[in-house]
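*Asks:* Fold the following, please.
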Amino acid sequence: MCDLDHFKKVNDTYGHQAGDEMLVAFTQRVQANLRNYDCVGRYGGEEFIVIAADSSGQSDGDLYERLRGQIAAAAIMTKAGIISMTVSIGVAQGTGQSTVDELLAAADAALYQAKAGGRNRVAYSGGDGGHATHRAAPHELP
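*Replies:* Numbers count the residues shown, from 1 in each chain. Have a look, this model is predicted:
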């Protein structure tokens, strides 16, 4: 589960058209980093779900770090001006027995940990009661 950091501030500062441009740019960057059988979809507001088939969760950390890094790497040119963007990502892995609701809850809990840890991070749902672990971005923004 991905959530654009401080997205409300973008809409409030630059307007909803700029916010829409940010959502399009985000989706394009994510799609450019996924395999042709993975997918991304808008879950609500500025939240997105990435489904990476045959993913092994934390051992596939390169995928999620690559996504996070690509989002943060370059500002977006909008009609309102140049706007920087970062993303927090919560990762959950299914077992084949997991329901969609269970996976969404686990990803949401991991996302909350990424946000609470300072944003612009990837956090992973844990097998120990849902506690998440996280990795900070190499160059964190305030």
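*Asks:* From here on, just use CA atoms for contacts and neighbour counts.
*Replies:* OK.
*Asks:* So for stretch 78-90, what gets flagged as buried?
*Replies:* 78, 85-90 (16 or more other CA atoms under 10 Å).
*Asks:* export those residues to TSV and tack on pLDDT, secondary structure and distance to Tyr64?
*Replies:* Listed next are those as TSV, based on pLDDT from 0 to 100; DSSP: H, G, I helix; E, B strand; the rest coil; distance: CA to CA, whole Å:
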residue	pLDDT	secondary structure	distance to Tyr64
Thr78	94	strand	25
Met85	95	coil	16
Thr86	96	coil	13
Val87	96	strand	10
Ser88	97	strand	10
Ile89	95	strand	7
Gly90	95	strand	9
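*Asks:* so which of those comes closest to Leu34?
*Replies:* Set against Leu34, the nearest of the buried residues of stretch 78-90 by CA to CA is Ile89 (14.8 Å).
*Asks:* Mind listing what's buried along the helix or strand Ala18 falls within?
*Replies:* Mapping Ala18 onto the secondary structure by DSSP states H and E places it in helix 16-32. For helix 16-32, a neighbour-count test (16+ other CA under 10 Å) marks 18-19, 21-23, 25-27, 30-31 as buried.
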